[in-house]
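>>> would you be able to build a 3D model of this:
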Amino acid sequence: MRISIVSSSLNTNSRSRMLAAMCQTGLEDKGISVDFIDLRQFDPPNFDDDKIYSSEVYLSSHKVIAAADAVILASPVYNWACCSELKKFVEYIGSTPPDGSLRGAFYDKIVMFVNAGGLPHSYMAFASLATSLMLDFKCIISPYNVYVHDANWVEEEKLDDKRKARLSKSLDVLIELAERLQGRSYTSNWEI
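Presented below is the predicted three-dimensional model:
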């Protein structure tokens, strides 16, 4: 099994990146292979629905997400939503070239969201992106997502016990969903 983690914050001291790293450690401790994509190193050209599909950044990222059994999307919360860098990544890697040579990489993926915010009431910040992934790419969104706000951090880089337990359970649920759905008989494409 392979799980991809996308860390979307560009902030040097990002808490969502810390959460993404905790997910990586938690999965690797369970024997799961992890591909970690840090969007600080993702510098694509402007999306033109043409030349982008032959760019190395598109091809390499598309390959990683397409090969994943599940994907963890880690994002800070800005303006009550996931950050724009994550949405940009989904648009890039999810899109299908006009010639149909590749299929959007997010189709049929199992997705878990990990968000870091400042206030306790932004826990649904991932909802609009989750809806888009479900409707556009037929993703299965894990019912166990992780939201961590300022009061959940003990010291600077450790989670309180309640959030640690939520992170662990969320990873277990993601693994179980991925295992159970590996043998699916269907594949999706753009359809309404």
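
>>> pLDDT on the strand or helix carrying Val114, on average?
Take DSSP states H and E as the rule and Val114 turns out to sit in strand 110-116. With pLDDT averaged residue by residue, strand 110-116 scores 98.

>>> before we move on, what about stretch 127-144?
pLDDT averaged over stretch 127-144 gives 96.

>>> gap between it and the chain center?
11 Å (Cα atoms, centre = their mean, to the nearest Å).

>>> and the helices in this structure?
Secondary structure of the chain, counting by DSSP state H: helices at 15-29, 56-67, 84-94, 127-137, 161-181.

>>> closest to Leu119 out of these?
Across the helices of the chain, Leu119 has its closest neighbour in helix 15-29 (13.2 Å, Cβ to Cβ). All C-beta atoms are positioned from the backbone trio N, CA, C, and that covers glycine.

>>> avg pLDDT for that closest one?
98.

>>> packing partners for that helix?
Here helix 15-29 touches strand 2-7, strand 33-38, strand 70-78, strand 110-116, strand 146-148, helix 161-181, going by 3 or more Cβ pairs under 8 Å, 6 or more residues apart in numbering; DSSP states H and E.

>>> using TSV, lay out those together with distance to Gly100.
What follows is the helices and strands packed on helix 15-29, written out as TSV (distance: least, Cβ to Cβ, whole Å):
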stretch	distance to Gly100
strand 2-7	23
strand 33-38	25
strand 70-78	23
strand 110-116	24
strand 146-148	36
helix 161-181	25
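
>>> can you redo those as JSON lines with distance to Phe126 and mean neighbour count?
Formatted as JSON lines, the helices and strands packed on helix 15-29 follow (distance: least, Cβ to Cβ, whole Å; neighbours: other Cβ atoms under 10 Å):
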{"stretch": "strand 2-7", "distance to Phe126": "13", "mean neighbour count": "24"}
{"stretch": "strand 33-38", "distance to Phe126": "17", "mean neighbour count": "17"}
{"stretch": "strand 70-78", "distance to Phe126": "7", "mean neighbour count": "26"}
{"stretch": "strand 110-116", "distance to Phe126": "4", "mean neighbour count": "25"}
{"stretch": "strand 146-148", "distance to Phe126": "8", "mean neighbour count": "25"}
{"stretch": "helix 161-181", "distance to Phe126": "12", "mean neighbour count": "16"}
